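Colleague: Let me see the structure of the following:
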Amino acid sequence: MTETLENLCKEYTDLYEEEIEEIKGAAKSLPAMANLFNADAFIDCRMSDGSGDAIVVAEAKPMYTKSSYTRPVVGLIATKEKEPAVYRGFQVGVGTKFMKATTQENVHVVQTVEPIYHKDRIIGVFIVEQKMEQVIHTQKLNEVSSDEYDATLIDENSNIVDNIEEGLLFVDNSGKIIFRNRAAADIFKRLGFINDILGESYKDICMVPTPDTDSGPNCRVQEVMLGNFCFAVKTVDVDRKDIDYAVTINDITTRKLQERELVLKSVAFKEMHHRIKNNLQTIAALLRLQRNSIDSEEGKQAMNDTISRILAISSTHEILVETEVEEVMLNDIMANVKNNTVAYYKSHDFNLKVECYGGDFKIKFEKATALALILNELMQNSLKYAFEGRTDGSISVMTMQRRADDIELVVMDDGCGFDVKKTASGGMGWTIIRSLVKEKLDGHLTVKSNDKGTRVKIVF
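Modeller: As a prediction, the model looks like this:
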């Protein structure tokens, strides 16, 4: 985490070395904050591009409650429109409590923000985030008395319960059904019950075992198949004299059928990509055999380039074999291309260091294949030309989300550099890169190079 934090600060902020060290120290307290407040905790630093937006440089998830996030957000942008408390922290320099915000995953949360100072300068902000419903629930518990809470229970004369899709039953202490809504009556009619279930013993018509009333309060959900129907049955204890427990019945037959169809499609989907991967690897193996019969070094190098490109495409299909949809994670693509590259150059007495960091994003299959080829070409270019006469070198790959849905991919090396106008305009590799960025990614390519290295930025 420390290395990623430092790289993000150097690349996207104007913080000095000692200020970055201050942020590193502050980041160590994030796990404790997350657990103390049962919330997600972050440190954001303001970006140096003048947009007023901030970038997430450190994060911690709570141990005792569920995070609001399904994936890491380090390297993602916090826009001033979606997270006004963060923007206010940098602009005004004061803390903000319980302000609404929208996460990078479009989840509504409540933020508490506190600025981080270093020698009278704001260098970052602490952020504690709680889910909106968590805060609202806490407020309601504090505001509603027990009498008011009892009054909110639905009684049998209410019109509301007859207009909900779920079946609802109330069972008294003797085990008799004292209330059923219209949906529940319809469900049991479809199951073949001729008489109205109202007044019947719940044990006689129940879909799942009745709750053990001696085991204390409980709430359980069970799925049950009855004929061609599938139901989710939820049993909840009710703390009232006239009601022992409530039962909700949700018809999930359609959902289960759709899930089954998705499973079948997923199996066919995986088999297709598995075969494509195997075919591509077979082609690569045949080309290796053909390469051995070539005498010229130039011909062998051209063959190596072709094999590398085929394996880059194959790696995308390999990832898709493990997924459920035609999307792959960007970090998986980078890892596969990196591993193939490092494995090849290990046998060439060259010490190569490849680092990948930043945010992770879902990429459609068509773009994923293009990205794999682009990364392969950029790494191959660095390895063929940037480190000539050297025994070691390093390549860094960084990703982050820009405004809206734009993703930024940066590939850097510490090689000797090249004349961008002269070299990048021609050659098969650069032709492939420019074509893929424009045609497949609908993106923008920027190349900078000097005697300290090369930096390629792609925004798509």
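
Colleague: in this protein, what secondary structure element scores lowest on mean pLDDT?
Modeller: helix 146-151 (a mean of 39; mean pLDDT, DSSP states H and E).

Colleague: Report all helices and strands that the very next helix or strand once past that one contacts.
Modeller: Next along the chain after helix 146-151, taking DSSP states H and E as the criterion, comes strand 167-171. Where contact means 3 or more C-beta pairs under 8 Å, 6 or more residues apart in numbering; DSSP states H and E, strand 167-171 is packed against strand 177-180, helix 182-190, strand 245-251. No exception for glycine: its C-beta is placed from N, CA and C like everyone else's.

Colleague: which of the residues in the helix or strand in which V86 is found are buried?
Modeller: Taking DSSP H and E as the definition, one finds V86 inside helix 84-92. For helix 84-92, the neighbour count (16 or more other C-beta atoms under 10 Å) marks 84-90 as buried.

Colleague: How much space separates the residue located most distally from the centre of the chain from K189?
Modeller: Using C-alpha atoms, centre = their mean, the residue of the chain lying farthest from its centre is N195. It sits 50.2 Å away. According to C-beta to C-beta, to the nearest Å, N195 and K189 sit 10 Å apart.

Colleague: D53 too?
Modeller: 57 Å.

Colleague: more crowded one of those two?
Modeller: D53 (22 against 13; other C-beta atoms under 10 Å).

Colleague: so what's the more buried one up against?
Modeller: By C-beta atoms under 8 Å, 6 or more residues apart in numbering, D53 lies in contact with 46-47, 77-80, 87, 403.

Colleague: can you check D251 too?
Modeller: 165, 187, 229-231.

Colleague: List buried residues within the residues you listed.
Modeller: Applying 16+ other C-beta under 10 Å to the contacts of D251 flags 187, 230-231 as buried.

Colleague: In TSV, list those along with distance to K176 and pLDDT.
Modeller: Output for those, formatted as TSV (distance: C-beta to C-beta, whole Å; pLDDT from 0 to 100):
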residue	distance to K176	pLDDT
I187	19	89
C230	27	88
F231	21	90
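
Colleague: Let me know the closest of the residues you listed to H444.
Modeller: Distance to H444, by C-beta to C-beta, is smallest for C230 among the buried ones among the contacts of D251, at 49.5 Å.

Colleague: So that closest one versus I187, what's the distance?
Modeller: In terms of C-beta to C-beta, C230 sits 12 Å off from I187.

Colleague: Could you do M99 as well?
Modeller: 44 Å.

Colleague: Same question for V447.
Modeller: For V447, the distance to I187 (C-beta to C-beta) stands at 64 Å.

Colleague: State whether V397 is indeed within a strand.
Modeller: Yes - the assignment for V397 by DSSP: H, G, I helix; E, B strand; the rest coil puts it in a strand.

Colleague: how many neighbours does it have?
Modeller: 23.

Colleague: same check, this time on A41
Modeller: A41, neighbours per other C-beta under 10 Å, totals 24.

Colleague: got it, and S314?
Modeller: Number of residues near S314 (other C-beta under 10 Å) recorded here: 23.

Colleague: What of G167?
Modeller: For G167, using other C-beta under 10 Å, the count is 23.

Colleague: thinking it is in contact with I249, fair?
Modeller: Yes - using C-beta atoms under 8 Å, G167 makes contact with I249 at a distance of 3.6 Å.

Colleague: Need the residues touching each of those two.
Modeller: In contact with both G167 and I249: 183-184, 187, using C-beta under 8 Å, 6+ apart.

Colleague: Just the residues contacting the very next helix or strand once past the helix holding V86, thanks.
Modeller: Later in the chain than helix 84-92, the nearest helix or strand by DSSP H and E is strand 96-102. Contacts with strand 96-102, where a contact means C-beta under 8 Å, 6+ apart, come from 82-86, 88-89, 108-113, 129, 132, 135.

Colleague: Equivalent analysis for stretch 120-129, please.
Modeller: 15, 19, 22-23, 26, 33-34, 37, 39-46, 54, 57, 68, 85-86, 89-90, 93, 101, 103, 109-117.

Colleague: are any of those buried, and which?
Modeller: Of the contacts of stretch 120-129, these count as buried by 16+ other C-beta under 10 Å: 15, 19, 22-23, 26, 33-34, 39-46, 54, 57, 68, 85-86, 89-90, 101, 103, 109-113, 115-116.

Colleague: Where is pLDDT lowest across the buried residues of helix 84-92?
Modeller: In terms of pLDDT, R88 ranks lowest among the buried residues of helix 84-92, with 77.

Colleague: bridging residues for the residue lying closest to it once chain neighbours are set aside?
Modeller: Using C-beta to C-beta, 6 or more residues apart in numbering and skipping residues adjacent in sequence, the residue nearest R88 is T96, 5.5 Å away. Note on T96: beta-bridge partners by DSSP bridges are V113.

Colleague: Could you report the distance from T96 to V109?
Modeller: T96 is 13 Å from V109, by C-beta to C-beta.

Colleague: List the residues that are in contact with both of the two.
Modeller: Residues touching both T96 and V109 (C-beta under 8 Å, 6+ apart): there are none.

Colleague: So which residue is smack in the middle of the chain?
Modeller: R71 (3.5 Å).

Colleague: Identify the residues contacting that residue.
Modeller: 105, 360.

Colleague: distance between the ends of stretch 229-245?
Modeller: Start-to-end span of stretch 229-245 (C-alpha to C-alpha, to the nearest Å) is 24 Å.
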